[in-house]
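Novice: Turn this into a model:
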Amino acid sequence: MKRRVFVTAFFFLVFLCGMAAAEEYGTEISASVDHATVLIGDRIKFTVYIEHLRNVEINFPKFKEDKIGDFEIKDSGYRDEQKLVGGVLMRRWYYLAAYSPGKHQIPPVEIKYRKKGDKDWKVAKTKALNIIVESVLPKGKTLADIKDVKGPLGYFEINWFIVAGVLVIGVIMALIVLYKFRKKPLPLKLPYEIALEELEAVRGNFLKTSDVKEYYAGVSDCVRRYIERSFRLKAPEMTTEEFLTSLGASQVLSYERKDLLKDFLSACDLVKFAKYMPAKGEMEAVFLAAKKFIEETRGR
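Specialist: The predicted structure is shown next:
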């Protein structure tokens with residue numbers, strides 16, 4: 001019984017001593033790579049692992065010219081993980097690349113550490129890691145077959161028959177494309193077609209603005225411009241009275257159409273100058289009268 005107590009006490013003391021030593025010196029450092037053989041320019045992930053107690057400070061080295069040995073540092077990252085029991089697991093990784101084939105070595109990396117409150121740093125090193133960098137050329141091939149850059153061709157080295165043939169073919173193809181996609185001229189519109197389009201535009205604008213005076217002025221101007229284009233009469237420049245007087249002596253319109261035009265223009269002047277407010281039916285009648293006049297006189 002006493003022997004068991006003694007053994008238990010002995011191991012307990014050893015455990016306490018181990019804990020005390022771990023609290024002071026409990027820092028473990030290691031390193032690894034994801035590939036031991038790579039091609040020129042391929043990236044290697046070099047990772048340094050540091051496991052330490054929480055009361056230990058860690059000092060990472062700074063690499064000059066962003067290089068570790070023969071390898072260039074392309075990128076880096078880190079991650080710290082708080083362990084449930086013991087301390088902290090730190091990871092520092094570096095993406096390295098080499099640009100000359102052969103056997104290379106990632107040299108030992110010195111990590112400084114000390115207990116918080118201490119002045120002096122202690123140093124631990126990772127193990128050196130050997131890396132083989134292979135050429136991208138197939139095995140057995142050399143660079144002897146690479147030729148120098150050839151200079152520009154001389155005048156007599158150019159095959160001018162081929163150049164001329166290419167130019168001729170290019171010109172022919174350009175002419176074919178231009179002929180195929182050329183814009184065809186739009187057919188000219190007749191005076192009555194223009195007048196009907198203008199008339200519809202006036203009605204469309206009235207539906208947006210509801211301006212009665214502008215509506216009547218627009219309808220009147222459409223008819224006047226139509227008469228000028230069709231019968232060579234300066235209708236837009238005359239008053240209604242002057243226009244009707246000149247029209248009376250003209251033989252281009254029948255008496256019925258002259259009367260229709262007189263009633264139409266008088267109705268427009270009544271709204272334009274006498275501030276008469278027509279009913280909705282009257283506005284539609286004016287539009288229909290103008291349209292009827294244009295359609296009935298388009299062949300004259």
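Novice: Domains in this structure, by residue range?
Specialist: 24-134, 191-296 (automatic domain parsing).
Novice: out of these, nearest to Trp160?
Specialist: Of all the domains of the chain, it is domain 24-134 that lies closest to Trp160, at 44.2 Å by CB to CB. To be clear about C-beta, it is placed using only N, CA and C from the backbone, and glycine gets the same treatment.
Novice: follow-up on the earlier one: take the domains of the chain and lay them out in CSV including mean pLDDT.
Specialist: Formatted as CSV, the domains of the chain follow (pLDDT from 0 to 100):
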stretch, mean pLDDT
domain 24-134, 87
domain 191-296, 80
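Novice: ok, which stretches of the stretch 1-150 of the chain are strands?
Specialist: For the stretch 1-150 of the chain, the strands defined by DSSP state E, counting those that start in this stretch occupy 28-33, 37-39, 44-53, 56-59, 67-68, 71-82, 87-97, 102-106, 110-115, 122-125, 129-134.
Novice: Excluding covalently adjacent residues, which one is nearest to Val133?
Specialist: Ala98 (4.7 Å; CB to CB, 6 or more residues apart in numbering).
Novice: Neighbours of that neighbour, how many?
Specialist: A count of nearby residues for Ala98, using other CB atoms under 10 Å, gives 22.
Novice: From what I see, it and Ile73 are in contact.
Specialist: No: the criterion here is CB atoms under 8 Å, and Ala98 misses it with Ile73 at 11.4 Å.
Novice: Burial check on Phe60, number of neighbours?
Specialist: For Phe60, using other CB under 10 Å, the count is 14.
Novice: List the residues that contact it.
Specialist: 92, 111 (CB atoms under 8 Å, 6 or more residues apart in numbering).
Novice: Could you measure from it over to Asp70?
Specialist: Between Phe60 and Asp70 the computed distance is 21 Å (CB to CB, to the nearest Å).
Novice: about what we covered before: so which of the strands of the stretch 1-150 of the chain gets nearest Asn205?
Specialist: Using CB to CB, the strands of the stretch 1-150 of the chain put strand 71-82 closest to Asn205, at 65.9 Å.
Novice: helices or strands next to that closest one in the packing?
Specialist: Using 3 or more CB pairs under 8 Å, 6 or more residues apart in numbering; DSSP states H and E, the elements in contact with strand 71-82 are strand 87-97.
Novice: The strand it packs on packs against which elements?
Specialist: Against strand 87-97 (3+ CB pairs under 8 Å, 6+ apart) you get strand 44-53, strand 71-82.
Novice: The residue most central in space within the chain and Gly41: what is the separation?
Specialist: With distances taken as CA atoms, centre = their mean, the residue of the chain nearest its centroid is Asp75 (28.1 Å). According to CB to CB, Asp75 and Gly41 sit 14 Å apart.
Novice: same deal with Tyr192?
Specialist: 78 Å.
Novice: same deal with Lys116?
Specialist: From Lys116 over to Gly41 (counting by CB to CB), the distance is 43 Å.
Novice: Check Ala201 too.
Specialist: Ala201 is 69 Å from Gly41, by CB to CB.
Novice: How many residues are close by Leu53?
Specialist: Counted with other CB under 10 Å, Leu53 comes out at 18.
Novice: Leaving out chain neighbours, which residue sits closest to it?
Specialist: In space, and not counting its chain neighbours, Leu53 is closest to Gly87: 4.1 Å by CB to CB, 6+ apart.
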